[in-house]
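A.B. asks: sequence-free structure coming up:
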Ligand SMILES: Nc1nc2c(ncn2[C@@H]2O[C@H](COP(=O)(O)OP(=O)(O)OP(=O)(O)O)[C@@H](O)[C@H]2O)c(=O)[nH]1
Ligand SMILES: [Mg+2]
């Protein structure tokens, strides 16, 4: 699959705000600061389509990006940036609101075909990831595990870590290795997204 164009469409909290033109949605979820927004920029080959930050908790709303609008020969769909899990500095009331907005989206969006769950390649085990993965599996949406920040480890260390992550969470396969900094893994992730968009993902 090729991404020929990408544009920010809107931010949403409530179902009435989700794009409802029937195009497939692919969500991107993971811990706060894991690199969701950076991965979206890498996939769309845009430096600043999505805001990234040194400060965790940058993304507080569900943000919709339309991909391949009116593009000839490539499927149109939405990439959906989900606020990061486990951000400690959000107040309890706001955290509950964010969680319920995310839960409502996963439960009620009819066009959601799959999600990418991002894991930091350096973190072989974390309570936040364990809880989030267990929770997300309840929604019966295909989940593709993607490891981020691959440039932070040597190839040998990364492979070892990917296997350990798969073992920790009982994943069917090790996560796909990416680096937004070094532009690694783009084709592989797009290939999997195209399967999810077509509705034939795992
Ligand atoms: N070295 C390296 N740093 C990365 C990579 N991807 C993201 N980062 C850095 O990690 C930090 C967080 O990246 P974001 O893309 O904003 O993370 P996020 O998951 O969207 O964060 P929230 O929106 O806060 O949940 C930033 O400082 C990025 O520059 C990567 O592949 N390699
Ligand atoms: Mg973000």
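C.D. replies: Received it, and whenever you're ready, just let me know what you need. All values reported here derive from a predicted model rather than from experimental measurement. Numbers count the residues shown, from 1 in each chain. Ligands and ions are numbered 1, 2, ... in the order given.
A.B. asks: Mean pLDDT per helix and strand in this protein: which one sits at the bottom?
C.D. replies: Ranking every helix and strand in the chain by mean pLDDT, DSSP states H and E puts helix 92-108 at the bottom, with a mean of 88.
A.B. asks: So for that one, what gets flagged as buried?
C.D. replies: Applying a neighbour-count criterion of 16 or more other C-beta atoms under 10 Å, the buried positions in helix 92-108 are 95, 98, 101, 102, 104, 105, 106. Heads up, the C-betas are built off the backbone N, CA and C, glycines and all.
A.B. asks: Could you list every helix and strand that the following helix or strand past it packs against?
C.D. replies: Read in the C-terminal direction, the helix or strand following helix 92-108 is strand 112-120, with elements assigned using DSSP states H and E. The elements that strand 112-120 packs onto, with contact taken as 3 or more C-beta pairs under 8 Å, 6 or more residues apart in numbering; DSSP states H and E, are strand 25-30, helix 36-44, helix 127-137, strand 143-148, helix 186-197.
A.B. asks: The fourth one packs against which elements?
C.D. replies: Looking back up the chat, that one is strand 143-148. Under the contact criterion of 3+ C-beta pairs under 8 Å, 6+ apart, the helices and strands touching strand 143-148 comprise helix 36-44, strand 112-120, helix 127-137, helix 155-169, strand 176-177, helix 186-197.
A.B. asks: Run the angle between the least confident helix or strand of the chain and helix 127-137 for me.
C.D. replies: Here helix 92-108 runs at an angle of 40 degrees relative to helix 127-137 (axes from the mean of the first three to the mean of the last three C-alpha atoms, to 10 degrees).
A.B. asks: Other residues contacting helix 92-108?
C.D. replies: By C-beta atoms under 8 Å, 6 or more residues apart in numbering, the residues outside helix 92-108 that reach it are 12-15, 18, 27, 29, 60-62, 80, 82-83, 87, 90, 112, 136, 139, 141.
A.B. asks: Over to stretch 3-16?
C.D. replies: In this structure, residues lying in contact with stretch 3-16 by C-beta under 8 Å, 6+ apart are 17-19, 43-46, 49-50, 61-69, 71, 74, 78-79, 97, 101, 104-105, 108-109, 190.
A.B. asks: measure the closest residue to residue 122 other than its chain neighbours to residue 69 for me?
C.D. replies: Once its chain neighbours are removed from consideration, residue 122 has its nearest residue in residue 152; the separation is 5.7 Å (C-beta to C-beta, 6 or more residues apart in numbering). Using C-beta to C-beta, to the nearest Å, we find residue 152 at a distance of 34 Å from residue 69.
A.B. asks: burial of residue 36, as a residue count?
C.D. replies: Residue neighbour count, defined by other C-beta atoms under 10 Å, stands at 29 for residue 36.
A.B. asks: ditto for residue 172
C.D. replies: For residue 172, the number of neighbouring residues by other C-beta under 10 Å comes to 8.
A.B. asks: Kindly report the same for residue 46.
C.D. replies: Using other C-beta under 10 Å, residue 46 has 16 other residues around it.
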